[in-house]
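>>> Okay, here's the prediction I keep looking at, along with the sequence it came from:
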Amino acid sequence: MEIVHSATLQLCLLLIYLVCGVTVWLLRGQRSRKGIYDRWAGAHLAGAGLYLTLLYSPYLPSLCTALLACVLLLLKGSWLLGSFARLLRTPIPLPGQRRFGAGLLLLLAGILLAMPPHVYYVHLAMALGVAALYLGSLAGLLLLQAERPFPIKLAGGLCTLATTYMLLYALHLGASDPAFIVYEIGTLLLLPVLIATPLLALCFMAIGKEQELALLRTLATLDPLTGIFNRRSFEELARKACSQHARQQRPLALLMIDLDHFKRINDTYGHSRGDMALKALAELIPEHVRTADIFGRFGGEEFCLLLPDTNVEGAREVASKLCQQINTILLEPGKVSSALSASIGVASLVPQSVDDWRELFELADSRLYRAKSAGRNQLVWIG
Ligand SMILES: Nc1nc2c(ncn2[C@@H]2O[C@H](COP(=O)(O)OP(=O)(O)OP(=O)(O)O)[C@@H](O)[C@H]2O)c(=O)[nH]1
């Protein structure tokens, strides 16, 4: 059954490609924002595969085989890719996205399965071109990642360009074969699809990767419960501030803030109310300090606030205001006896080097300890 002769028919096939792509995109996976790029990329590839299969399939049996392959690949694509990777023991991590892998294999299967035997060698060249494009763009994608140095990014870009050229060359071979003439219009239509699809896939995956990286960076920096800096990132920022202030000989202050009797709060009101108290504190403090101040959770019910360009007198004023504000957080609405309270250790110094961060921290910490010993709900800034 010869199915590729008129331009109208080929336009219909192109339409099928679009419909397939959009359907796969809409039907598969959760519609979370994060996965949208992978799905779109996979949908393009799957659609291109089906398009190729229909366009070049002169026989019904090969068409059926290719369609069966589609279904299998869509269901088991990532497993097949994973096994393939293990088989080759490749150091290149294949993209985990099932639809991308499935769509890609479908594309290759579409090319290989649907060909009449006398043009096999041409299509083998095309398939090799597509495979090279896949590996090249994958390598390009890995190398182009944001944090790579420029020469590596350049190599990634060249790699992608080279593989695109290989694909074009493979297509050129295909188009120049006399047996291929009947497919000429198809090739013309196919060309933009084949070029645009992997490039689009590449772009979308790169955007997806960027977003994943940004998410990972955020997760590594912020405390998951309160959304403020965690201890590691706070200390990093504090060290930077310390060396900057040492250079400019400006005072730097630190407040160590520890909620009082937090264990009792947990025991009396339950852990979820305890968590709410921590979140309320994390929201309250930034409302009463400068935007340049750095606020973090040191662990448990202990918070720290770094005040740039602030001497001990200024830091004491801030701490006193915060003590009063913390007393306004009520664990039970309308019940003043359920108010939160905190003890605060206040310290300030003009650092001489980045190492003075330790001294600032120990000073504030020992004053916090004294505020606790002196009865809590107070601040200590001297001695
Ligand atoms: N709900 C909740 N509790 C936490 C969290 N992190 C630590 N805690 C609890 O905070 C309590 C801290 O207890 P302690 O170190 O004895 O301090 P405290 O009861 O506040 O006593 P003082 O600091 O001396 O006033 C422990 O019971 C921890 O389990 C958290 O993320 N959520």
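Great, that's in hand.
>>> ok, now which ones touch Leu349?
Neighbour list for Leu349: 251-252, 356, 359-360, 363 [criterion: CB atoms under 8 Å, 6 or more residues apart in numbering]. Where you see a C-beta, it was placed from the backbone N, CA and C, and this is true even at glycine.
>>> Any of those buried? List them.
251-252, 356, 360, 363 (16 or more other CB atoms under 10 Å).
>>> What about the contacts of Leu349, which are in helices?
356, 359-360, 363 (DSSP state H).
>>> just the contacts of Leu349 now: which is nearest the ligand?
Leu363 (18.7 Å; CB to the nearest ligand atom).
>>> Contacts only, for the closest one.
Leu363 touches 254, 345, 347, 349, counting by CB under 8 Å, 6+ apart.
>>> Got phi/psi on the second one?
Main-chain torsions, Gly345, degrees, to the nearest 10: phi -100, psi 130.
>>> surely it meets Leu255?
Yes: taking CB atoms under 8 Å as the definition, Gly345 is a contact partner of Leu255 at 7.2 Å.
>>> Which neighbours do these two have in common?
Between them, Gly345 and Leu255 share the contacting residues Ala364, judged by CB under 8 Å, 6+ apart.
>>> Name the nearest residue to the residue of the stretch 201-350 of the chain found nearest the ligand, sequence neighbours excluded.
The ligand sits closest to Gly274 of the stretch 201-350 of the chain, with a gap of 2.8 Å, by CB to the nearest ligand atom. Using CB to CB, 6 or more residues apart in numbering and skipping the chain neighbours, the partner closest in space to Gly274 is Asn266 (4.3 Å).
>>> and that neighbour, what element?
Under the criterion of DSSP states H and E, Asn266 resides in helix 262-269.
>>> what does that helix rub up against?
Helix 262-269 is contacted from outside by 259, 273-274, 277, 300-301, 331-332, 340, using CB under 8 Å, 6+ apart.
>>> Could you rerun that using 7 Å?
Here helix 262-269 makes contact (CB atoms under 7 Å, 6 or more residues apart in numbering) with 274, 277, 301, 331.
>>> ok, the last one touching Ala277?
In other words, Leu331. Yes: Leu331 is in contact with Ala277 according to CB atoms under 7 Å; the separation is 6.2 Å.
>>> of these two, who's got more company?
Ala277 (22 against 17; other CB atoms under 10 Å).
>>> tell me which residues of the helix or strand hosting the more buried one are tucked away?
Element membership for Ala277 (DSSP H and E) is helix 271-287. For helix 271-287, burial by neighbour count (16+ other CB under 10 Å) applies to 274, 277-278, 280-282, 285.
>>> With just CA atoms, put it into CSV.
Extracted in CSV, the C-alpha atoms of helix 271-287 (Å, rounded to 0.1, in the frame of the first residue of the first chain):
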residue,chain,number,x,y,z
HIS,A,271,4.7,19.3,67.7
SER,A,272,2.6,20.8,64.9
ARG,A,273,1.8,23.9,67.0
GLY,A,274,5.5,24.0,67.9
ASP,A,275,6.3,24.1,64.2
MET,A,276,3.8,26.9,63.7
ALA,A,277,5.5,28.9,66.4
LEU,A,278,8.9,28.5,64.6
LYS,A,279,7.3,29.6,61.3
ALA,A,280,5.6,32.6,63.0
LEU,A,281,9.0,33.7,64.4
ALA,A,282,10.7,33.3,61.1
GLU,A,283,8.0,35.5,59.5
LEU,A,284,8.0,38.1,62.3
ILE,A,285,11.7,38.9,62.6
PRO,A,286,12.4,40.0,59.0
GLU,A,287,9.4,42.4,59.3
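>>> Among the buried ones among the contacts of Leu349, pick out the one closest to Thr218, please.
Using CB to CB, Leu252 comes nearest to Thr218 of those, at 26.1 Å.
>>> check contacts around the residue lying closest to that closest one once chain neighbours are set aside.
Leaving aside its sequence neighbours, Leu252 sits nearest to His245 (CB to CB, 6+ apart; 4.4 Å). Counting by CB under 7 Å, 6+ apart, His245 makes contact with 252, 308, 351.
>>> any idea which helix or strand carries His245?
helix 231-248.
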